[in-house]
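Peer 1: My questions concern the predicted model and sequence given below.
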Amino acid sequence: LHTSALDTRYLGTLEGNSHDFMDLILDRAEDRRLEGEIKAFIEALCADLTKHDKAKLDEHWATFYADEEVQVLRPSGNAMSKITWAGMLKSDDGSDDSVPEFGKLVSIDSVRIFAGGIGAVATYTKRAANDNLAVYSATLEKKDGAWKVVFGTATGQPPTDQA
């Protein structure tokens, strides 16, 4: 969570006298709680589908994505939907061993909460089996008590010693 952005937001509310001190404490506590929810969501998202598994894709998508039409922009710039993703996966008999496993979560880099706590953007980094890094951005919506991805992007990064 970017505390500088939070501090600016809260300082602005203090100057306008729209919150008393206890409201500020409660707002910050709620932001930390939501940040924890989002981090747990991203960890579960990355751990749930660790390799290309066509049989598990429907369950994964229903659990973590808002609907069938969610788009994720790949590092190539091409948009990928659930249908596109399914087409890239191994055949049902597992005969295509050329498709690499999905990367492992390296870090959750930022969380920004907005829209009164029902919207957020999170960035996170994953390392692929070939040691390349990908930085992801997920725009999230909380609906019916659950976080879901409504849009995502990924950018490829060369390997570094820092991640």
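Peer 2: Sure thing, it's come through.
Peer 1: Provide the secondary structure category for the nearest residue to Phe151 once chain neighbours are set aside.
Peer 2: Excluding its sequence neighbours, the residue lying closest to Phe151 (CB to CB, 6 or more residues apart in numbering) is Thr139, at 4.3 Å. Quick note: C-beta positions are derived from backbone N, CA and C, even for glycine. Assigned with DSSP: H, G, I helix; E, B strand; the rest coil, Thr139 falls in the strand class.
Peer 1: who's in contact with Thr139?
Peer 2: The neighbours of Thr139, taking CB atoms under 8 Å, 6 or more residues apart in numbering as the test, are 119-121, 149-152.
Peer 1: All the helices of this protein, in order from the start?
Peer 2: 3-15, 21-48, 54-64, 82-88 (DSSP state H).
Peer 1: can you tell me how far the residue nearest to Phe151 sits from Thr63?
Peer 2: For Thr139, the distance to Thr63 equals 17 Å [CB to CB, to the nearest Å].
Peer 1: What number of residues are in the vicinity of Lys39?
Peer 2: 15 (other CB atoms under 10 Å).
Peer 1: repeat for the one 4 residues further on
Peer 2: The local packing count at Glu43 equals 13, with neighbours defined by other CB under 10 Å.
Peer 1: try Glu30
Peer 2: 12.
Peer 1: Setting aside sequence neighbours, what's the nearest residue to it?
Peer 2: Gly117 is the one closest to Glu30 (CB to CB, 6+ apart), at 6.6 Å.
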